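Participant: A structural model of the following input is requested.
(chains A, B, C and D)
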There are 2 protein chains.
Amino acid sequence: MPADLLAVVASPRRREILRLLWDGERTAGELHEAMPDITFGAVSLQLKVLREAGVVERRADGQARVYRVRHEALGDLAPMLEQMWGDALWRLKLRAELDETRRGPRPGRGRTRRSHGGRRRQRRKPS
Amino acid sequence: MPADLLAVVASPRRREILRLLWDGERTAGELHEAMPDITFGAVSLQLKVLREAGVVERRADGQARVYRVRHEALGDLAPMLEQMWGDALWRLKLRAELDETRRGPRPGRGRTRRSHGGRRRQRRKPS
DNA sequence: CATATATTTTAGTTTATACTAAATACTGAT
DNA sequence: ATCAGTATTTAGTATAAACTAAAATATATG
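Facilitator: Numbers count the residues shown, from 1 in each chain, chains lettered A, B, ... in the order given. As a prediction, this is how the structure comes out:
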């Protein structure tokens, strides 16, 4: 088990990509649609990291490039990621239910951190 | 499992510390003795990261601070680390045996090629 | 060929991390 | 209180990573 696999999956952005690809393949463009907060180029760079680590595979389909996860390359990390996502979904569901029962006008958690400085420019589609 | 645990163990330096603490506790000073390539302060900073992630625990003993691993906090990562270290040791042992057999039969002075990473003992000091 | 689409790569910037050196804090002993 | 030993924290620096905008590459189509 290569140690650098840990570094690969330690990145939240790369885990986001893996999550999107986990149950089926997608093109680079589809991935970017699901992550509109960063540019297409940034997605492509992370895909390159994942690919060079052997974690995803690429295949050409016309002008598109289709990516898929190589689950077997992740070894014991694969079930860990699944568990992590499962837990996250579960907690999200729990919190939703909590807010539901509260039924108040304020689901307001006190301080919601907008830690990214707010400036977020998005690549615009050519019109 | 908290996602940031992955980032914690993704650092080779922190894994080195975990490896040193894995089978028993040590003081900060003892840890630094085992890692003379960085300063005491750097060791302390990494210990802080590990401690804030809940991965190690600290206890006072006189003027020293004794650290130990909280294996349970690592969850499924614990066996993964053990496996990783096991593999590494195994490969190291294999290489040692290879060198041994090479040295045994004929210690002749022909230069035996080694793969990268091997330090060759200097035959003589340049004077 | 020219053009449009889809993606990758490059160059430069920002941000995060690891580190060093020095200062500070804590502990036990005198 | 002061000193010596041990550890932490601070301030500053160097390096690596993530990102953006733009240029470049590749592929299909008219």
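Participant: what about residue A:27, how many residues close to it?
Facilitator: Residue A:27 has 16 neighbours, counted by other Cβ atoms under 10 Å in any protein chain shown. Quick note: C-beta positions are derived from backbone N, CA and C, even for glycine.
Participant: dig out what it forms beta bridges with.
Facilitator: residue A:66 (DSSP bridges).
Participant: helix/strand/coil for residue A:58?
Facilitator: Under DSSP: H, G, I helix; E, B strand; the rest coil, residue A:58 falls in the strand class.
Participant: which residues sit in contact with it?
Facilitator: A:47, A:51, A:65, A:66, A:67 (Cβ atoms under 8 Å, 6 or more residues apart in numbering or on different chains).
Participant: now those residues: which count as buried?
Facilitator: By neighbour count, with 16 or more other Cβ atoms under 10 Å in any protein chain shown, those hold A:47, A:65, A:66, A:67 as buried.
Participant: list the residues that contact the first one.
Facilitator: This points to residue A:47. Contacts of residue A:47 by Cβ under 8 Å, 6+ apart are A:17, A:28, A:31, A:56, A:58, A:67.
Participant: can you do 10 Å?
Facilitator: By Cβ atoms under 10 Å, 6 or more residues apart in numbering or on different chains, the contact list for residue A:47 reads A:14, A:17, A:21, A:28, A:31, A:32, A:55, A:56, A:58, A:65, A:67.
Participant: around DNA strand D, pick out the residues from chain A.
Facilitator: Neighbours of DNA strand D within chain A, by Cβ under 7 Å from any atom of the strand: A:7, A:11, A:13-14, A:37-42, A:45-46, A:49, A:60, A:62-63, A:120-121, A:123.
Participant: flag every buried residue along the lengthiest helix in chain A.
Facilitator: Using DSSP state H to define each element, chain A has its longest helix at helix A:77-102. Across helix A:77-102, burial judged by 16+ other Cβ under 10 Å covers A:77, A:78, A:80, A:81, A:84.
Participant: how close does the third one sit to DNA strand C?
Facilitator: Between residue A:80 and DNA strand C the distance, using Cβ to the nearest atom of the strand, to the nearest Å, works out to 20 Å.
Participant: quick check: closest non-adjacent residue to that residue.
Facilitator: Spatial nearest neighbour of residue A:80, excluding adjacent residues (Cβ to Cβ, 6 or more residues apart in numbering or on different chains): residue B:76 at 5.3 Å.
Participant: coming back round to it: which two from the buried residues of helix A:77-102 end up farthest apart in space?
Facilitator: Maximum pairwise distance in the buried residues of helix A:77-102, criterion Cβ to Cβ, is 10.8 Å, between A:78 and A:84.
Participant: for those two, list the residues in contact with both.
Facilitator: With contacts taken as Cβ under 10 Å, 6+ apart, residue A:78 and residue A:84 have residue A:9 as neighbours in common.
Participant: tell me the pLDDT at the residue nearest the centre of chain A?
Facilitator: By Cα atoms, centre = their mean, chain A has its centre lying nearest to residue A:16, at 1.0 Å. Note for residue A:16: predicted pLDDT of 97.
Participant: no further questions, thank you.
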